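Q: just coords:
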């Protein structure tokens, strides 16, 4: 069972005694609409309700420990204009449910505390049945924003913005509350519900490596090396059929990996789609063809620095949508998004421009 805490805290205004309400609840507590706020000289009918979605088991338990240390700083920094709801996830997909309930209750922001996996679930919580989750609080002045305190193993999405794994720096961004619209990717497959991603989706070898890496998270960033080594065992490059922007089908022979970037980094800091920007309203797609195991060793520094686009057998293009099919029909080509295993081809990837407001 998950413990949730609603904490009225203060520093910006004269300090008030903190009041804490504890409840055993699978979602988030009710966010009352009858609160007042003075923010930036302007008043509104309610305080800022901030829902922090925390994966206490993230980074081998480090996320939970760091979060406990952060709570006093939250109390001193955010002030009496904020109500903090702490929601600890109890397992896979729980963050999705917490996020949806928070948005429906009119939260000002849902803040992901952890790594890319937690962020991935929170982003998926912004949608339901192929549509954005509706805010049912009519008094809310604006939509629920996405926030991030990166405390995970990879924290690759944060790298695109130049953010460090510094929780105090992240809290300063949240306190300032500046928002920017960012794009989200959506992945479709016939007969399945849409799936959303915010960072990078990838296909074949890199996705297979990510699948294996997820089994070794206890080793920190070393899990990516272990996953890659395991993925190379028995790997074969595959011919793929690709349709870009609803155009004609093209055949790409001997594809090693295909990466669809809404942001720049994956795999613990590899700058795989170096020109991607989550505010550009399109993806950067990078395709690696006919790579051998030794090519990755020889070109590893270029892959991490983002200078690999000039390498032979590497192509890149900007797209709004891309469909990918396995010509062999084997059904064994891996797909992942934001480091989360999704299954196998075929899939269609589309951009949703300016889909979410983010605190940045």
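A: Good, I have the coordinates. For clarity, every value in this text was computed on a predicted model and none was experimentally measured.

Q: make it CA atoms for all contacts and neighbour counts henceforth
A: Will do.

Q: least confident secondary structure element in the chain?
A: Least confident element among the helices and strands of the chain, by mean pLDDT, DSSP states H and E: strand 19-24 (a mean of 28).

Q: quick check: bridge partners of residue 88?
A: residue 54 (DSSP bridges).

Q: give me the neighbour count for it.
A: The tally of other residues near residue 88 (other C-alpha atoms under 10 Å) stands at 25.

Q: tell me how far it lies from residue 77.
A: 21 Å (C-alpha to C-alpha, to the nearest Å).

Q: and if you look at residue 104?
A: Counting by C-alpha to C-alpha, the gap from residue 104 to residue 77 is 27 Å.

Q: so the closest residue in space to residue 290 that isn't next to it in sequence, which state does it fall into?
A: Among residues not flanking residue 290 along the chain, residue 254 sits closest, at 5.1 Å (C-alpha to C-alpha, 6 or more residues apart in numbering). Using DSSP: H, G, I helix; E, B strand; the rest coil, the structure places residue 254 in strand.

Q: and residue 254, how many neighbours?
A: Residue 254 has 16 nearby residues by other C-alpha under 10 Å.

Q: so what's it up against?
A: When contacts are counted by C-alpha atoms under 8 Å, 6 or more residues apart in numbering, residue 254 touches 237-240, 289-290.

Q: now for these, which pair is the farthest apart?
A: 240 and 290 (12.3 Å; C-alpha to C-alpha).

Q: could you pull out the strands in the stretch 151-300 of the chain for me?
A: 179-188, 195-197, 200-204, 238-244, 249-261, 283-289 (DSSP state E, counting those that start in this stretch).

Q: for residue 219, report the pLDDT, please.
A: Looking at residue 219, its pLDDT reads 83.

Q: quick one: closest of the strands of the stretch 151-300 of the chain to residue 109.
A: Closest among the strands of the stretch 151-300 of the chain, using C-alpha to C-alpha: strand 179-188, at 10.4 Å.

Q: now the closest one: buried residues?
A: Of the residues in strand 179-188, 179, 181-188 count as buried by neighbour count, 16 or more other C-alpha atoms under 10 Å.

Q: and residue 240 and residue 290? which has more neighbours close in?
A: residue 240 (23 against 18).

Q: what mean pLDDT does stretch 228-245 get?
A: 93.

Q: can you give me the end-to-end span of that stretch?
A: So stretch 228-245: terminal residues 31 Å apart, C-alpha to C-alpha.

Q: show me what counts as buried in that stretch.
A: 228, 230-231, 237-244.

Q: next, give me the two most distant ones among those residues.
A: 230 and 244 (31.1 Å).

Q: could you export the buried residues of strand 179-188 as CSV, including distance to residue 205?
A: As requested, the buried residues of strand 179-188 are arranged in CSV below (distance: C-alpha to C-alpha, whole Å):
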residue, distance to residue 205
179, 36
181, 32
182, 28
183, 26
184, 23
185, 21
186, 21
187, 19
188, 20
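
Q: wait, which of those is closest to residue 342?
A: Nearest to residue 342 among those, with distances taken as C-alpha to C-alpha, is residue 187, at 9.7 Å.
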